[in-house]
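Asker: Sequence plus predicted model, see below.
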Amino acid sequence: MIISKPKFTIFIIIFLGLGILIGGYLFHKTQPRSIIALNSCNNTCLRPNDLAGLLVSVGIQNTPGLVPNVVKETDKTIVIKHPFPEAKIHYVIIPKKDIKNIGSITPEDEPYLQDMFAVAAEIIQEQHLTKYKLITNGPDYQQVTYLHFHLLAD
C-alpha cells in the first residue's frame with residue numbers, strides 16, 4: 001500500500017503534534033533545564049546528571065507506581081532503598097516536586113521539605129535508629145541533579 005504525499009505529510013504533522021503534547025504533559029512540572037546553548041555552555045548546558053535529574057523528576061511525578069524498591073510514600077515524598085547501599089540501611093528520600101538542590105529552594109517548596117523531614121523522622125522512629133546520617137549534596141557533588149536526602153544507618 002502506497003501513501004500519497006499529502007496523506008503522509010498530514011500523518012507526520014499529527015505525530016509531531018502528539019509528540020509535542022505528550023512531551024508538554026510529561027515535563028510541565030519540571031524546573032527549566034537548558035538542553036543546548038548556542039554560543040557557549042557557561043553552566044547552562046544539560047550535563048548528564050542534569051538529564052538524570054530531569055528523568056527522575058518526570059518519573060516520580062508522572063509514574064510513581066513504576067519506581068522500584070519503594071519503602072514509604074506520601075503525596076509529597078517517596079522513599080526508596082538505595083540500589084547500591086553504602087550502609088546496612090540506606091534509603092533515598094525524594095520530594096515529588098522538581099527541586100534541583102537546596103540552593104534552588106523557593107517558598108512553594110516548603111510543604112515538600114516539611115514532608116520529607118517528617119517521613120525521615122517516621123522511618124528513624126519506626127526502626128529505632130540512633131546512629132544515622134541524613135545527607136544531601138550540592139549540585140557539583142550530585143550524581144543526579146534533583147534534591148534528595150540519603151538516610152544511612154549501621
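Answerer: Looks like it came in fine. Numbers count the residues shown, from 1 in each chain.

Asker: residue ranges with poor pLDDT in the chain?
Answerer: Scanning the chain for pLDDT under 70 picks out 1-3, 20-21, 24-59, 61-64.

Asker: rerun at 80
Answerer: Within the chain, the segments meeting pLDDT under 80 span 1-68, 139-140, 142-145.

Asker: hey, where'd the helices end up in it?
Answerer: Ranges of helices within the chain are 5-27, 48-62, 110-126, based on DSSP state H.

Asker: Who are the packing partners of the longest one?
Answerer: Taking 3 or more Cβ pairs under 8 Å, 6 or more residues apart in numbering; DSSP states H and E as contact, the helices and strands that helix 5-27 lies on are helix 48-62. Heads up, the C-betas are built off the backbone N, CA and C, glycines and all.

Asker: residues contacting Asn69?
Answerer: With contacts defined as Cβ atoms under 8 Å, 6 or more residues apart in numbering, Asn69 is in contact with 80-81, 83.

Asker: now it: how far from Ile93?
Answerer: Relative to Ile93, Asn69 is positioned 13 Å away (Cβ to Cβ, to the nearest Å).

Asker: So Leu147 is in contact with Asn101, correct?
Answerer: Yes - between Leu147 and Asn101 there is a contact at 5.5 Å, judged by Cβ atoms under 8 Å.

Asker: what residues do these two have in common as contacts?
Answerer: Contact criterion Cβ under 8 Å, 6+ apart; residues shared by Leu147 and Asn101: Thr136.

Asker: Those two: who's more crowded?
Answerer: Just comparing Leu147 and Asn101: by other Cβ atoms under 10 Å the higher neighbour count belongs to Leu147, 27 against 18.

Asker: For Ile105, give me phi and psi.
Answerer: phi -70, psi 140 (degrees, to the nearest 10).

Asker: For it, grab the count of nearby residues.
Answerer: 14.
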